[in-house]
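**Q** 3D model of this:
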Amino acid sequence: MNTSRLLWLVSLLLTLVFGYWQRVSGPTWPLSGRAPLAGGSFAWRLERTHAGAGDHVVVVRPGAAGATGALEWREHGAPSAWTRLEMRRAGDALIAALPHRAPGGKLDYRVRIGSGGTGVTLPPGGQAVLRFRNDVPAWVLIPHIVCMLGALALGTRAALEAFRREPRLKGLTLRTIAALFLGGFPLGCAVSAYAFGRPWGGFPLGNDATDDKTLIAFLGWLAAGVAVFTLRRPRGWVVAAALLMLVVYLIPHSFAPPR
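**A** Coordinates of the predicted model:
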């Protein structure tokens with residue numbers, strides 16, 4: 001394997017690692033685990049995002065035939081008391097529904113399960129936050145994801161190229177800027193508009209973390225692009241822009257605009 005192919009392989013592997021981290025570290029990734037109950041244990045999963053219309057149905061399968069449950073919820077961040085709903089049995093599951101909210105709205109919720117004089121609260125020691133949004137068409141969402149991951153792969157490859165004896169940085173830098181612009185702005189704004197009815201929530205209109213991170217990464221690569229075409233030794237600028245983008249990707253992903 002020649003050097004160029006090896007550097008591309010390293011770039012793609014790093015892209016997969018950082019892309020996976022963005023996915024699982026964000027506030028929309030479900031909470032899950034195993035909980036003890038009546039001498040045994042059961043697997044549980046609580047969703048943290050609801051797409052589309054209708055109420056959100058919470059489903060728990062406690063395993064124990066005589067288990068009962070209650071769903072408790074309140075508006076996110078509100079000091080109001082919890083609203084309690086008794087869960088009903090549907091086969092081997094206990095279910096109850098959280099009321100629908102407008103896109104961007106959030107509800108705090110938790111589930112209490114009891115059986116044979118024992119009980120457990122899910123999630124343990126806390127609460128889940130459910131965020132509502134509209135459906136995003138695949139023809140917008142998939143290109144957005146491809147462009148953002150492509151920008152990360154291209155940017156990482158450019159940084160690795162900068163350490164070669166005679167680096168070729170112009171093409172990689174321009175492709176990184178193009179992919180980041182397309183994925184972060186026209187497509188990113190379209191995703192946000194479909195999901196929350198708000199195309200842009202970052203600076204200077206708000207403080208949405210996702211939009212601000214995209215803007216910071218893009219400005220970093222714009223600076224690197226200027227350096228590549230104007231400076232004799234632009235390596236440091238390219239490496240700095242790539243590191244800035246990697247730091248941005250390490251910050252847990254936030255899908256919703258601020259409330």
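
**Q** quick one: the helices in the stretch 51-200 of the chain?
**A** With DSSP state H, counting those that start in this stretch applied, the stretch 51-200 of the chain shows helices at 138-161, 170-184, 186-196, listed in chain order.

**Q** Mind checking those for the one nearest to residue 53?
**A** Among these, helix 186-196 comes nearest to residue 53, with 13.4 Å by C-beta to C-beta. Where you see a C-beta, it was placed from the backbone N, CA and C, and this is true even at glycine.

**Q** ok, residue 63 touching residue 40?
**A** Yes. With contact defined as C-beta atoms under 8 Å, residue 63 and residue 40 form a contacting pair (6.1 Å).

**Q** more crowded one of those two?
**A** residue 63 (16 against 12; other C-beta atoms under 10 Å).

**Q** Who are the contact partners of the more buried one?
**A** If a contact means C-beta atoms under 8 Å, 6 or more residues apart in numbering, then residue 63 has 37, 40-42, 92 as its contacts.

**Q** Distance-wise, check it relative to residue 150.
**A** Computed as C-beta to C-beta, to the nearest Å, the residue 63 to residue 150 distance reads 44 Å.

**Q** If I look at residue 257, what pLDDT would I see?
**A** With respect to pLDDT, residue 257 has a value of 40.

**Q** Pull the number of nearby residues for the closest residue in space to residue 95 that isn't next to it in sequence.
**A** When the adjacent residues along the chain are set aside, residue 95 lies closest to residue 59, with 5.2 Å between them (C-beta to C-beta, 6 or more residues apart in numbering). A total of 15 residues lie near residue 59 under the criterion other C-beta under 10 Å.

**Q** residues contacting residue 59?
**A** The neighbours of residue 59, taking C-beta under 8 Å, 6+ apart as the test, are 93-95.

**Q** same deal with residue 170?
**A** Contact criterion C-beta under 8 Å, 6+ apart gives 228-229 as the residues in contact with residue 170.

**Q** Apply 10 Å and report the result again.
**A** Remark: with contacts taken as C-beta atoms under 10 Å, 6 or more residues apart in numbering, residue 170 is in contact with 158, 225, 228-229, 234.

**Q** Point out where this structure drops to low pLDDT.
**A** Low-confidence regions of the chain, defined by pLDDT under 70, span residues 1, 252-259.

**Q** Save the helices of the stretch 51-200 of the chain as JSON lines, and put in distance to residue 240 too.
**A** Output for the helices of the stretch 51-200 of the chain, formatted as JSON lines (distance: least, C-beta to C-beta, whole Å):
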{"stretch": "helix 138-161", "distance to residue 240": "9"}
{"stretch": "helix 170-184", "distance to residue 240": "12"}
{"stretch": "helix 186-196", "distance to residue 240": "23"}
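
**Q** For residue 122, find the nearest of those helices.
**A** Among those, helix 186-196 sits nearest to residue 122 (C-beta to C-beta), with 26.7 Å.

**Q** mind listing what's buried in that closest one?
**A** When burial is assessed from 16 or more other C-beta atoms under 10 Å, helix 186-196 yields the following buried residues: 187-192, 194-196.

**Q** Sort out which one of those residues lies nearest residue 33 for me.
**A** Distances from residue 33 to the buried residues of helix 186-196, taken by C-beta to C-beta, are shortest for residue 195, at 27.6 Å.

**Q** thought that closest one was touching residue 141?
**A** Yes. Under the contact definition of C-beta atoms under 10 Å, residue 195 touches residue 141, with a separation of 9.1 Å.
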